[in-house]
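Student: Need a 3D model of the following:
(2 chains)
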Amino acid sequence: GESVGLHLPTLSVQEGDNSIINCAYSNSASDYFIWYKQESGKGPQFIIDIRSNMDKRQGQRVTVLLNKTVKHLSLQIAATQPGDSAVYFCGLNTGGFKTIFGAGTRLFVKA
Amino acid sequence: NAGVTQTPKFQVLKTGQSMTLQCAQDMNHNSMYWYRQDPGMGLRLIYYSASEGTTDKGEVPNGYNVSRLNKREFSLRLESAAPSQTSVYFCASRPGATPYEQYFGPGTRLTVT
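Tutor: Numbers count the residues shown, from 1 in each chain, chains lettered A, B, ... in the order given. Okay, here's the model as predicted:
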């Protein structure tokens, strides 16, 4: 079945640096990928998404890259701020109602 | 708009007790979901409701039941709680089959002793 894994359970970056959070997936039929941010004590919140027919999508300070050849997804956060400290999840959808989520990477931002 | 609301925020149960977690959304979304979140395991789907009147099992449905009471409300019931059901439970909704973005509630932290 489908599976989603993140490369690192935690990531620590200096304030102002760029952060890169990675995700690997197994299902070639996945057509939609999504990133969520979860702050402590809260529910996940949508950040950005990308369809399988795209390689890159940019938002405000965030960029998602999709490499379908190696089944790899990454989230890049530019100029990381203390408010970016959270757990980040990737998710994939194969066109139905269900999304498969990865375990999450906890991002620590050092001042 | 309140978005997705969940009650209660915290609950402690003894093994064998039952309870219902409540979820409501005010965004007129068709699809609603229940997930559990355990350390190191991400979000796992328990049940979902693609539209009012339908419910389907997710990845980990054993020990749970759901009711899609109306378009707004989707409840999760634990008939006989077990320590393995200690977790944080999230309800989510989304407009329908697309777009895929889900909106999550604040969660219910459940402890079963």
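Student: Whatever residue of chain A ends up closest to chain B in helix, strand or coil?
Tutor: Closest to chain B within chain A is A:G43: 3.3 Å, counting by CB to the nearest CB. Backbone N, C-alpha and C define where each C-beta goes, glycine included. Here A:G43 takes the coil state, with states given by DSSP: H, G, I helix; E, B strand; the rest coil.
Student: which residues touch the residue lying farthest from the centre of chain A?
Tutor: Of all residues in chain A, the one whose C-alpha sits farthest from the chain's mean C-alpha position, using CA atoms, centre = their mean, is A:A111 at 22.7 Å. When contacts are counted by CB atoms under 8 Å, 6 or more residues apart in numbering or on different chains, A:A111 is found next to A:15, A:82.
Student: Show me which positions of stretch B:9-23 end up buried.
Tutor: B:11, B:13, B:21-23 (16 or more other CB atoms under 10 Å in any protein chain shown).
Student: I meant to write stretch A:78-93 there.
Tutor: Across stretch A:78-93, burial judged by 16+ other CB under 10 Å covers A:80, A:84-93.
Student: what's the answer for stretch A:9-16, then?
Tutor: Judged by neighbour count (16+ other CB under 10 Å), stretch A:9-16 contains these buried residues: A:11, A:13.
Student: near chain B at all, it?
Tutor: Yes. For a cut-off given as CB under 8 Å from any CB of the partner chain, stretch A:9-16 has contacts with chain B, namely A:P9.
Student: tell me the mean pLDDT over that stretch?
Tutor: In this model, stretch A:9-16 has a mean pLDDT of 94.
Student: from the chain's centre, how far out does that stretch sit?
Tutor: Its chain's C-alpha centre and that of stretch A:9-16 lie 14 Å apart, by CA atoms, centre = their mean, to the nearest Å.
Student: ok, residue 41 - contacts?
Tutor: Here I'm looking at chain A. B:106-107.
Student: hm, I was asking about chain B
Tutor: A:A103.
Student: Which pLDDT does the model give it?
Tutor: B:M41 is given a pLDDT of 79.
Student: Quick check on it: phi, psi?
Tutor: Phi and psi for B:M41, reported as degrees, to the nearest 10, are phi -120, psi 0.
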